[in-house]
Each structure stands twice: as C-alpha cells, then as structure tokens.
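S.K.: fold the following, please.
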Amino acid sequence: MRLPYLEVSQTTTGQGNLVVTHKMDASLKDNNGSYGYMTSPISTLGPKPFDIKLTKELEEALKPHGCFESSEELNHRFEVLGKLDALVKTWVRDLSVLKNMPQSIAETVGGKIYTFGSYRLGVHNRGADIDALCVVPKHIDRSDYFSSFLEYLKAQPEVTDLRAIEEAFVPVIKMKFDKIEIDMVFARLAEKEVPDDLELVDDKILKNLDQKCVRSLNGCRVTDEILRLVPNHESFRLALRCIKVWAKKSGIYSNVLGYLGGVSWAMLVARTCQLYPNASAATIVLKFFLVFSKWKWPQPVLLKPMQTSNFLQFPVWDPRTNLHDRKHLMPIITPAYPQQNSTFNTSYSTRAVIQHALDCGLKVCEDIIAGKSTWQNLFDPPNFFQQYKHFIVLVVTSNSPEDQLEWYGMVESKIRHLIASLENNPHIFLPHIWPISFPPVNPIPERSCTQWFIGLQFNASKNLNIDLTQDISYFTESVKQTAVNLNVHKEGMDLEARYVNKKHLSEYLSQQITGAKRASEGGERSKKRKSSITSTSEDSPKKGKSVGEKSNSSSLLINSPNAESNGEGVELDSGEFKSPLPVPTPNIVISGGANEVLFFHRDLRLLYS
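M.R.: Okay, the predicted model is just below:
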C-alpha cells in the first residue's frame, strides 16, 4: 500500500480569483501508465507567443546574476573532472597493489567519479562548486579514502584549500582543484570492480552497503531520477535557475539553517513541470509560485508514488510508521530509493519565512504578466536589517582562517537548534535567521571573525521582560561540547551571542549592507512609516539603564515591544507575516515583575573560549 497522494487543480471564483486545491486522485496512472508522475497534468497546452517573449526576457534578466558559463569555463570544468577521475583510478590501482592484488588485476578494477547536484542538473552558476562522488570497489575502505587518497590530493599542485570532514552526516573531502571548488563524497560498492559504464540507477546496487555509502550514492541517484521525471529539460533548467536566484536573494536558500537547499528547490520546480509539461520556462515560474504559495503543508510533495516494497530494509520516509516523520513541516520527498525528506531541518519560523517569500513572489509574477513589473523586480532582495528592530548577533572568531573554516561550519550546523529554542518562547512571534554571514565592520587584528544575525519579532505585549539566558547558554555550551567531543575545538575558537538594537547595527555592519540612511534622510521616512504601522517597539528605553551601559549580570535579558495586542503579533517594519506561529509549551524563564522595566544591554555577552 503506497502513501496517499494529492491531485492539484485550479479553478476561478466568481470574483476572478484563481484558487489552487488539492484532492485525492483515485484514478492516478502509475509508473506503467502514460505519466509515471503523482498526478495527471493540470494543462498540456504549449506556450503562446507572449509566453515565449516572457521566457526570452527571463533569460536576459538572469545573465547579470552569473547564471551562465562561457564555453571556455565549461571546458575547464570537464578538464578538471577528467583529471580527478584519472587520479582516482591511479589511486585505486596503486592501493590495490599495496593490498597484495596482482598488477594485472589491479589495472582493471577501476574506480570512477560521478557528479550530482546543480552541475549534474545543468543549472550551476559561474564559479559554483561541483558536487562529486568517488565510487570504488569493495576492497577499498573509507579509511583509505580519508588517509591515502587525501595524501594523493596533497601531492597535486592544482589542489588547494584541502580539508576532510570525516565526521559529517555524509563524510566529504572539500578542495579547490585548479581553482574549481569540489565537494567529493565517497561510496564503496559491494563489487569487485567499477567499470566506466556502470550506472547507479538500479536499487540492487545498494545491497550490503552501510548507511554512509547509501547516503553518498543517493545524491547521484536522486539527481538522475529528477531528470528522468521532468518532461521538458529546457524549461525545467531555465525555471530552476530563476527560482534559485530568487531564493538566494530572498534569504531562503540554506538547508543547514532550516530553509530549502538546492535539491529541494529542484524537486518543487520539477513537480511544477509535471503539472504543466509543455509550458515555457516563464509559465513554469508563475505556476511554481501559484502552486506552492497555496500548498497545504505538511502535505508531502512527491515526484512519483512511494515504493510499496522495501526489500533492502533501509529507513524510508513513512509517517504511517515513523512518528518522527509525522513532525516534518514541509516534506519534500526524494524520488530515489530509499526515499527521504530533503527538508527535515525546516522549522516553524523558517517555513513562515519561506511562505511569506512565496506570497511576495506570486504578487511580483502577477505584476510581470500584467506588464507592471520586470523579472529583475523578482530578484530584488528584502532589506532584512530594516524589517526588525531587535537582533541577536552570533559572533564566531578564531585565530586563523584555517581554524575559522572548520569552526564556522560547526557553528552553522547548530544554529537551527537555537532557532528552535527561540520558537519555544511564547513571547517571540518569529526568530528569523538570515542565511548569509558577514565579516565585522571593524576587524580584530590577527583574528578571523564571522557574524550571523537573527531578527526577532515579538508578540504584542506591554513591558514584559524575557530572560534568554538559558536558551543562549545552552546553545553555546552544546556547540562547544560537540566541538570538543569531535576533537575539532582549538585554542582561540570563541562564540559570542549579543543583543543588538537596529540603530546600533552600524557597529557590526556597513551602512551599505544594513540599508540605513543618515538621520537627516531617515527622519521624514520614519514619520511616514509610523502612520502605517499598528504597533511597534520603542527605539530607546524610557526608564532603567541605558542601552550601552555595562552590567555585571550574567543574565541575558531583553524587553519586549511596548505595543497594544492585536492578536496577530507585531507587524514588521516592511512586509508582514499574516499568520502567527503555533505557540508550543514555553520552556524559558521570564525575569522581572509586571511593573519592572529591564533592558538588555548590547555589550552584555555570553562568551566561552
């Protein structure tokens, strides 16, 4: 018995509004039918002249964003991959001889490099990295990959910035090979040899493999299956390029921080292509926003029906039997066995941010169709630093660029746990993490530094004091302990969490990044804005200690906005999230009496070294 699937249809109301609905489709054709998708197409109409015109305009609009490489750049990538493939074959041969295999047999056992991700899909940008997979026969171990092969790479003059992350969920070697960034994972097959014509599509190839090898192989298998299930590769690729640029500009492109990664966006675009198989790229983009701005999450997005058998007994996404899978908020299921949810990191707040961006994208696309906007308007980024009055800044420092690279990745992988903790605070309406990190405006000599910013939107309340000490201290200590346990923590690796009011962002970021105006320019704008905002926080405290005053307290306290409750939370300075998040059971300490006014001091910090 396969999982329930959904049919997406669209209707027009009497007022002319377009509505997307989802219903069960009992007449779905399976993989042996004429479609092989989850549902029949909504429309099989081809593009009209106006659609072709919009598609050409879209392609031109993408060029300034570095979406297309020259033939010379593409050829350089081919050459790099060819050199890397030859290096793998040489390493496998030499290592086989060292393991007492006859030279004549060692020459035939093979080894091969596969690609996946954006490069394999044909949608990589200029200067983008390449996701690669090293496949070897059964007598080569993962320990060999992270030891002897690493030494082979160190000996190559083209290789720079080489580092191994053996403890990762999917162990990987990262490097630059002749100036091309490459992330290469490893898989050992239960085969005596790996010929050049070996395909990875057969599920039986996973037999007798460990979980890490299966996860490594899944990147290639998922990418190839997406391409197989897309009816029109040309429209798919151009539309996906557009959605990737839009998602990055909108600050919702990061799987590790709880947003959507490249494979998730690719599957959403692929699903749209299945619903409109003959449409142009411009139409696919419009329908993408139309479908997924109305999608009834947590209903899953699937490109094909789930397999009914699990003969290899690998864990697969199945909310019927797995309680953890039922908690997923935006399930987008990979099409290759074993099927997994590619968005398991998504939280209530990141889903709200994604949904808001989809709603805004739909409005812009409707304006493009009406001739009121251009494609460039779709790529206009929101001014994150003007949307909120309160921020938590995470400052990550170390003694060298090499240490910072490792420390940066460790902290980044844990930030989503802090966001989840902040979501559990019933007085915080939305913690919004911006996925792009920034260097400090005033660098510290001989120290490497990176900053992340979390915008805070509070539920409307009067003079309620919130103690965030427990949340922040637990986060910082857990990151440190994880680094110590993995033996990656080094002297000088520090993590600080600070509160920053919007008007003090200039101490951390340049005016160009924050979008702040001078006082003479911003005064009139602020007066106009106040008339359109129903409830806002005060920029400066009326009582208590000044914001810049030092404190001997080790607590982390913040005063919520002094605003009237409207049941919907506090509006943003620009834009608004219309639906409040579910309020889980609070697990945070609230400090201060009802009539006491306490203010967080921006110089008060939690520091460990």
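
S.K.: in the chain, what spans have low per-residue confidence?
M.R.: 1-36, 461-464, 516-609 (pLDDT under 70).

S.K.: quick check: longest helix of it.
M.R.: helix 71-98 (DSSP state H).

S.K.: output the following helix or strand past that helix as CSV, nothing but the C-alphas.
M.R.: Following helix 71-98 in sequence order, the next helix or strand is helix 103-106 (DSSP states H and E). Extracted as CSV, the C-alpha positions of helix 103-106 are listed here (Å, rounded to 0.1, in the frame of the first residue of the first chain):
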residue,chain,number,x,y,z
GLN,A,103,49.2,-5.8,-11.0
SER,A,104,47.3,-7.2,-14.0
ILE,A,105,44.1,-7.4,-12.0
ALA,A,106,44.7,-4.0,-10.2
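
S.K.: which helices and strands does helix 103-106 pack with?
M.R.: helix 71-98 (3 or more C-beta pairs under 8 Å, 6 or more residues apart in numbering; DSSP states H and E). (Glycine included, C-beta is placed from N, CA and C.)

S.K.: just how off-centre is the helix it packs on within its chain?
M.R.: 30 Å (C-alpha atoms, centre = their mean, to the nearest Å).

S.K.: how many other residues sit next to Leu229?
M.R.: Here the number of neighbours of Leu229 (other C-beta atoms under 10 Å) works out to 20.

S.K.: also Thr374?
M.R.: With other C-beta under 10 Å as criterion, Thr374 counts 14.

S.K.: and Thr308, by the same measure?
M.R.: For Thr308, the count of nearby residues is 8 (other C-beta under 10 Å).

S.K.: and Glu234, what does it touch?
M.R.: Glu234 sits next to Ala281 when contact means C-beta atoms under 8 Å, 6 or more residues apart in numbering.

S.K.: where exactly do the strands run in the stretch 351-500 of the chain?
M.R.: Secondary structure of the stretch 351-500 of the chain, counting by DSSP state E, counting those that start in this stretch: strands at 390-398, 428-433, 448-458, 465-467, 494-501.

S.K.: show me what the third one is packed up against.
M.R.: What that stands for is strand 448-458. Against strand 448-458 (3+ C-beta pairs under 8 Å, 6+ apart) you get helix 384-387, strand 390-398, helix 401-412, helix 415-423, strand 428-433.

S.K.: and if we set it to 7 Å?
M.R.: For strand 448-458, the contact count by 3 or more C-beta pairs under 7 Å, 6 or more residues apart in numbering; DSSP states H and E identifies strand 390-398, helix 401-412, strand 428-433 as packing neighbours.

S.K.: closest to Ala239 out of the ones you listed?
M.R.: Shortest distance between Ala239 and the helices and strands packed on strand 448-458, using C-beta to C-beta, is found for strand 428-433: 27.0 Å.

S.K.: which other helices and strands contact that closest one?
M.R.: Packed next to strand 428-433, using 3+ C-beta pairs under 7 Å, 6+ apart, are helix 348-369, helix 415-423, strand 448-458.

S.K.: that strand: partners in the sheet, and parallel or antiparallel?
M.R.: strand 448-458 (antiparallel) (DSSP bridges).

S.K.: contact partners of the partner strand?
M.R.: 384, 387-388, 390-398, 400-401, 404, 408, 415, 427-434, 437-440, 443, 508, 560-561, 569-570, 572 (C-beta atoms under 7 Å, 6 or more residues apart in numbering).

S.K.: wait, is Val285 part of a helix?
M.R.: Yes: assignment of Val285 by DSSP: H, G, I helix; E, B strand; the rest coil places it within a helix.

S.K.: quick check on the residue most central in space within the chain: phi, psi?
M.R.: The centre of the chain sits closest to Ser254, judged by C-alpha atoms, centre = their mean, with a distance of 1.8 Å. Dihedral pair for Ser254: phi -170, psi 100, per degrees, to the nearest 10.

S.K.: same check, this time on the one 10 residues further on
M.R.: With angles defined as degrees, to the nearest 10, Ser264 shows backbone torsions of phi -70, psi -50.

S.K.: picking that back up, generate a PyMOL selection restricted to the buried subset of the contacts of strand 448-458.
M.R.: Per 16 or more other C-beta atoms under 10 Å, the buried members of the contacts of strand 448-458 correspond to this PyMOL selection:
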select buried, resi 384+387+388+390+391+392+393+394+395+396+397+398+404+408+415+427+428+429+430+431+432+433+434+437+438+440+508+560+561+569+570+572
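
S.K.: verify the stated contact: Ile392 with Ala497.
M.R.: Yes: the pair Ile392 / Ala497 is scored as a contact, 6.0 Å apart, by C-beta atoms under 7 Å.

S.K.: show me what contacts Lys174?
M.R.: Taking C-beta under 7 Å, 6+ apart as the contact definition, Lys174 lies against Arg163, Ile165, Asp183.

S.K.: between the residues you listed, which is nearest Lys48?
M.R.: Using C-beta to C-beta, the contacts of Lys174 come closest to Lys48 at Asp183, 41.3 Å.

S.K.: and for the closest one, the neighbour number?
M.R.: 17.

S.K.: just list whatever residues bridge to it.
M.R.: Asp131, Lys174.
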